[in-house]
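Peer 1: how does the following fold in three dimensions:
(one chain, ligands or ions: 3)
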Amino acid sequence: MKVYLIGFMGAGKSTVSRLLSSKTGESYSDLDSQIEEIAGKKISAIFKEDGEAAFRQIEVSTLKAAEASIISTGGGILYFDETGQWMRQNGIVIYLHAPFKELYSRIKGDQTRPVAAKPYKELEALFNKRDAGYEEVAHHMVSVSDRTPESTVKEIISIIRNS
Ligand SMILES: Nc1ncnc2c1ncn2[C@@H]1O[C@H](COP(=O)(O)OP(=O)(O)OP(=O)(O)O)[C@@H](O)[C@H]1O
Ligand SMILES: O=C(O)C1=C[C@@H](O)[C@@H](O)[C@H](O)C1
Ligand SMILES: [Mg+2]
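Peer 2: Ligands and ions are numbered 1, 2, ... in the order given. Sure, this is the predicted structure:
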């Protein structure tokens, strides 16, 4: 059974997937890292040189080809409408949720995330739009607000056991 972690930038999808993998012994794949390996360059360079649309095409094909049990997605994984339904049909989808302000404080000024360079208000509007989409697609919503990754992982392990 596959587990897909979804959520906005800074939610901790990469951090939690790594820890979940080490606690359960299940394999994990971080789509952003895999994309950088496939493309042979950083995400910021893909955005700059090839454009966001090209990045999104690689992102969705990397998602569909991912073989690991735990898959950490990028914040824009719902760029294509059908991607959410595809994940739901292929595994358990878990939304890591926190209020925008908290996520913003984790990602502001981070040069590795080109989307995070948007002005505060624009980014907040993007969060509000995506938040509804993540919630609709997810089988489970897990709060990552003011919480350690260890505690989040415990909750996810219990969700997996009961699924
Ligand atoms: N529970 C947490 N509490 C505080 N900070 C956290 C927590 N989880 C992750 N972080 C920090 O927030 C930042 C973003 O975490 P991470 O890269 O795991 O997010 P992400 O959801 O994978 O983001 P992206 O969508 O951009 O890939 C990192 O600096 C990380 O150390
Ligand atoms: O939220 C987004 O649109 C993104 C999030 C990151 O995980 C990367 O996938 C990329 O920087 C785009
Ligand atoms: Mg990540």
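
Peer 1: can you confirm residue 3 is in a helix?
Peer 2: No: if the criterion is DSSP: H, G, I helix; E, B strand; the rest coil, then residue 3 is strand and not within a helix.

Peer 1: pLDDT score assigned to it?
Peer 2: Residue-level confidence at residue 3 comes out at 98, pLDDT.

Peer 1: quick one: it from ligand 1, how far?
Peer 2: 14 Å (C-beta to the nearest ligand atom, to the nearest Å). (C-beta placed from N, C-alpha, C; glycine too.)

Peer 1: for that residue, list each beta-bridge partner.
Peer 2: Following DSSP bridges, residue 3 is listed with bridge partners residue 70, residue 92.

Peer 1: so it makes contact with residue 72?
Peer 2: No: using C-beta atoms under 8 Å, residue 3 is not in contact with residue 72, being 9.5 Å away.

Peer 1: of the two, which one has the most company?
Peer 2: More neighbours surround residue 72 than the other of residue 3 and residue 72, with 30 against 26 (other C-beta atoms under 10 Å).
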